[in-house]
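Peer 1: heads up, no residue letters with this:
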Ligand SMILES: NC(=O)C1=CN([C@@H]2O[C@H](COP(=O)(O)OP(=O)(O)OC[C@H]3O[C@@H](n4cnc5c(N)ncnc54)[C@H](O)[C@@H]3O)[C@@H](O)[C@H]2O)C=CC1
Ligand SMILES: CC(C)CC(=O)C(=O)O
Ligand SMILES: [Mg+2]
């Protein structure tokens, strides 16, 4: 999937700019080659890059390791080390996929929201964590849900600013009725809202938010929420867009450096079969062009190319519909590259590689 995203990136950049693309290992490949899910060399490459395109991390062997030593944790460390705290996960239904969702077309038609997930705090990072044996000899697992007011403030500002650029509606999702961390979350979000009187703020508890997301998703514009709730809510929201293979994301910090990756994981159940949907990875490249490189037109060309291949009936298995043309990962990538090149006035299909 990442190789297809790189092909699309090369196609849209063409000869207009030079692209200095470096590869580095993370996750399972990092553990296998240098025994580290986030090797120091990878972190160094990421630090000096303007933008990072991330292939999924996480391998089935993670189930036999402590979570904080697994391949998947390499990504969490990278997000934290680079202070990429604001994870934008747009959920937009391409009209061509109206019937691809498992939900009714009149529920999902016109869905266009952004889930803004805080990425540097919460249960995934809070200390203490671990598994210990208590005085009675019972094993106890524990994690800590933890947010400082400053962490909540900065993600709340990002949420209000995102809403300001859109339909000016922000819904903060928490569990303030049960958890002190989330009571603080709500208090700080309300305090920050005073600086954004033009943005309509609402609140939902995570359980109710999950239900409303499926019942009436069109009502949402921007949702701001914590690391764990955002992780779960965005996978559920993927089905509003037809498939988890359609959701891109951008993780940003306080400068333009960003990390771009699909919302989905490594999909080990279908790995190596050339059947996974590369469009989430390709749409992540569009976000990279927009947010890290300021190339709005190029971003739009990639997004329009995706729309055009869908209009032409190309489908991977996850979004397959009757009468459409079933293609593999590489063929979908080729079709997007061709559409990108057409939009730039060229017509020759180039074969780009990762080298
Ligand atoms: N950002 C990341 O690097 C993430 C890594 N992971 C890791 O990925 C591994 C697998 O996790 P899962 O829970 O199975 O989540 P997953 O997102 O990899 O897969 C969930 C389901 O969606 C399908 N799917 C995912 N992406 C698809 C695509 N592009 N096209 C078609 N179908 C697709 C998979 O085949 C699977 O049935 C684990 O090791 C996990 O830790 C999980 C989520 C995010
Ligand atoms: C390693 C996981 C926490 C990644 C994940 O599920 C995500 O970021 O959506
Ligand atoms: Mg996830």
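Peer 2: Thanks, I have the structure now. The structure displayed is predicted, hence computed values, not measured ones. Ligands and ions are numbered 1, 2, ... in the order given.
Peer 1: Tell me the spacing between the residue in the chain positioned nearest to ligand 2 and residue 43.
Peer 2: Going by Cβ to the nearest ligand atom, ligand 2 is nearest to residue 72 of the chain, at 3.7 Å. All C-beta atoms are positioned from the backbone trio N, CA, C, and that covers glycine. Per Cβ to Cβ, to the nearest Å, residue 72 is found 16 Å from residue 43.
Peer 1: re the thing from before, the residue of the chain closest to ligand 2 and residue 62 touch, don't they?
Peer 2: Yes. Contact status for residue 72 versus residue 62: in contact at 5.6 Å, counting by Cβ atoms under 8 Å.
Peer 1: got a list of what the residue of the chain closest to ligand 2 touches?
Peer 2: 27, 37, 57, 58, 62, 265 (Cβ atoms under 8 Å, 6 or more residues apart in numbering).
Peer 1: Recalculate using a threshold of 7 Å.
Peer 2: Applying Cβ atoms under 7 Å, 6 or more residues apart in numbering, we find residue 72 in contact with 27, 57, 58, 62.
Peer 1: swap in residue 58?
Peer 2: 27, 71, 72, 265, 266.
Peer 1: Can I get the residues you listed in a markdown table including pLDDT and secondary structure?
Peer 2: Shown next, in a markdown table, are the contacts of residue 58 (pLDDT from 0 to 100; DSSP: H, G, I helix; E, B strand; the rest coil):
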| residue | pLDDT | secondary structure |
| --- | --- | --- |
| 27 | 94 | helix |
| 71 | 91 | coil |
| 72 | 89 | coil |
| 265 | 95 | coil |
| 266 | 95 | coil |
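Peer 1: Counting neighbours, which of the residues you listed comes out on top?
Peer 2: Per-residue neighbour counts (other Cβ atoms under 10 Å) across the contacts of residue 58 peak at residue 27, which has 26 neighbours.
Peer 1: How about the stretch 51-200 of the chain: which residue is closest to ligand 1?
Peer 2: Per Cβ to the nearest ligand atom, residue 58 is where the stretch 51-200 of the chain lies closest to ligand 1, at 2.3 Å.
Peer 1: Does that residue lie in a helix or a strand, and which?
Peer 2: Using DSSP states H and E, residue 58 sits within no helix or strand.
Peer 1: Spell out which parts of this structure neighbour ligand 1.
Peer 2: 1, 56-59, 62, 72, 75, 244-245, 261, 264-270, 276-277, 280, 318 (Cβ under 6 Å from any ligand atom).
Peer 1: Sitting in helices, which of the residues you listed do you find?
Peer 2: 75, 280 (DSSP state H).
Peer 1: Got a PyMOL select line for the buried ones in the residues of the chain next to ligand 1?
Peer 2: Restricted to buried positions by 16 or more other Cβ atoms under 10 Å, the PyMOL selection for those reads:
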select buried, resi 1+56+57+58+59+62+72+75+244+245+261+264+265+266+267+270+276+277+280+318
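Peer 1: Around ligand 2, pick out the residues from the stretch 151-300 of the chain.
Peer 2: Residues of the stretch 151-300 of the chain lying near ligand 2 (Cβ under 6 Å from any ligand atom): 231, 263, 265.
Peer 1: Can you name the residue of the stretch 151-300 of the chain nearest ligand 1?
Peer 2: The stretch 151-300 of the chain approaches ligand 1 most closely through residue 265 (2.3 Å), counting by Cβ to the nearest ligand atom.
Peer 1: Looks like that residue contacts residue 56 (just checking).
Peer 2: Yes. Applying Cβ atoms under 7 Å, one finds residue 265 in contact with residue 56, separated by 4.8 Å.
Peer 1: which residue lies farthest from the center of this protein?
Peer 2: Relative to the mean C-alpha coordinate of the chain, counting by Cα atoms, centre = their mean, the farthest residue is residue 136 (42.7 Å).
Peer 1: Does it lie in a helix or a strand, and which?
Peer 2: Using DSSP H and E, residue 136 sits within no helix or strand.
Peer 1: Mind pulling up the pLDDT for it?
Peer 2: pLDDT, residue 136: 98.
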